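Trainee: Sequence and computational prediction follow.
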Amino acid sequence: MNTLSAILWNPDIEIFSIFGISIRYYSVLFVTGLSLAYWVIYKLYQDQKIPYEKFDSLFVYCLLGIVIGARLGHCLFYEPGYWLSHPVEMLLPVKITDSGIKWTGYQGLASHGGTIGLMLALWIYSRRVKLKFLTVLDNIAIATPLAGCFIRLGNLMNGEIVGTVTHVPWAFIFPHEDMQPRHPAQLYEAIAYLLIFIIGLRLYKKYKTTLYPGFYFGYCLTTIFTFRFLVEFIKASQEAFEDSMMLNMGQWLSIPFILLGAHFMYHSFKPVK
């Protein structure tokens, strides 16, 4: 294939550095996505007449649940042997070398782990502020795909989670990977998550009084992880051990979330009287 028809993608991943700490596009996009999702949830709380004092601490629970869950998920799902023998690097965004401690940021976050961490954090939050757990999950679920869109854009800026080699005219070349044209799988996911968010928000506005709690939580899990399952077929393996698997780790981890989401969607429809 003539690689001149592909898009050469090699941006500087760092925006600037201050006091030796690198500020990267991924970090900015990650925080931007969470902030926009937080704003959407705030509007949902207002619409549902939920007092502001119950909303005030939500961001902290979400941030800690997502980051801790995503980090532990990546380490334990994909490289448990290395990370369990380097627990400091697993928990802190640093790498210990012979020359000292180097700030690296969290290089490796797994969406499946982030989902589990978020759900646990929200369970604790709902008990603390005395809100129904499914109501909290629904509100978070409506906004979550928007955050996911920005996180995948951050992955694109990092040139990570690349797709397989392809002949499509919109292929990207990631020079740090190789000079082969590849599917921009990160961009596919970002676009899909944005569409899932828009559709979910429209469904909420139209059916917010006609569905039992749990629908939007189920919708979010089912749509996101179904797409995640499918897009994995055109993603390069993240770890060598996945090459010999019928389905890769991301696909196996997606199946329980798809089934859980379908369960909640099925049971959220009110019977016709």
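Mentor: Okay, I see it. Numbering: from 1, shown residues only.
Trainee: in the protein, which spans are helices?
Mentor: Assigned by DSSP state H, the chain shows helices spanning 25-47, 52-55, 58-78, 80-84, 87-91, 111-129, 133-158, 185-207, 215-231, 249-266.
Trainee: Nearest to residue 165 among the ones you listed would be which one?
Mentor: helix 185-207 (11.8 Å; CB to CB). C-beta: built from backbone N, CA, C; applies to glycine.
Trainee: Give me the helices and strands touching the closest one, please.
Mentor: helix 133-158, helix 215-231 (3 or more CB pairs under 8 Å, 6 or more residues apart in numbering; DSSP states H and E).
Trainee: And for it, what's in contact with it?
Mentor: With contact meaning CB atoms under 8 Å, 6 or more residues apart in numbering, helix 185-207 is reached by 40, 44, 141-146, 148-150, 152-153, 155-156, 160-163, 172, 215-216, 219-220, 223-224, 227-228, 231, 234-235.
Trainee: Only C-alpha atoms, please: export it in PDB.
Mentor: Output in PDB follows, covering the C-alpha atoms of helix 185-207 (Å, rounded to 0.1, in the frame of the first residue of the first chain):
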ATOM      1  CA  ALA A 185      -9.200   2.700  16.800                       C
ATOM      2  CA  GLN A 186      -9.100   5.400  19.500                       C
ATOM      3  CA  LEU A 187     -10.900   7.800  17.200                       C
ATOM      4  CA  TYR A 188     -13.500   5.200  16.300                       C
ATOM      5  CA  GLU A 189     -14.200   4.700  20.000                       C
ATOM      6  CA  ALA A 190     -14.300   8.500  20.700                       C
ATOM      7  CA  ILE A 191     -16.900   9.000  18.000                       C
ATOM      8  CA  ALA A 192     -19.000   6.100  19.100                       C
ATOM      9  CA  TYR A 193     -19.000   7.200  22.800                       C
ATOM     10  CA  LEU A 194     -20.000  10.700  21.700                       C
ATOM     11  CA  LEU A 195     -23.000   9.300  19.800                       C
ATOM     12  CA  ILE A 196     -23.900   7.000  22.700                       C
ATOM     13  CA  PHE A 197     -23.900  10.100  25.000                       C
ATOM     14  CA  ILE A 198     -26.100  12.100  22.600                       C
ATOM     15  CA  ILE A 199     -28.600   9.300  22.200                       C
ATOM     16  CA  GLY A 200     -28.700   8.500  25.900                       C
ATOM     17  CA  LEU A 201     -29.300  12.200  26.800                       C
ATOM     18  CA  ARG A 202     -32.200  12.300  24.200                       C
ATOM     19  CA  LEU A 203     -33.700   9.100  25.600                       C
ATOM     20  CA  TYR A 204     -33.600  10.600  29.100                       C
ATOM     21  CA  LYS A 205     -35.400  13.800  28.000                       C
ATOM     22  CA  LYS A 206     -38.100  11.800  26.300                       C
ATOM     23  CA  TYR A 207     -38.600   8.800  28.700                       C
END
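Trainee: Report the inter-axis angle for that helix versus helix 111-129.
Mentor: In terms of direction (axes from the mean of the first three to the mean of the last three CA atoms, to 10 degrees), helix 185-207 departs from helix 111-129 by 40 degrees.
Trainee: May I see the buried residues of helix 185-207?
Mentor: Across helix 185-207, burial judged by 16 or more other CB atoms under 10 Å covers 185-190, 192-194, 196-197, 200-201, 204.
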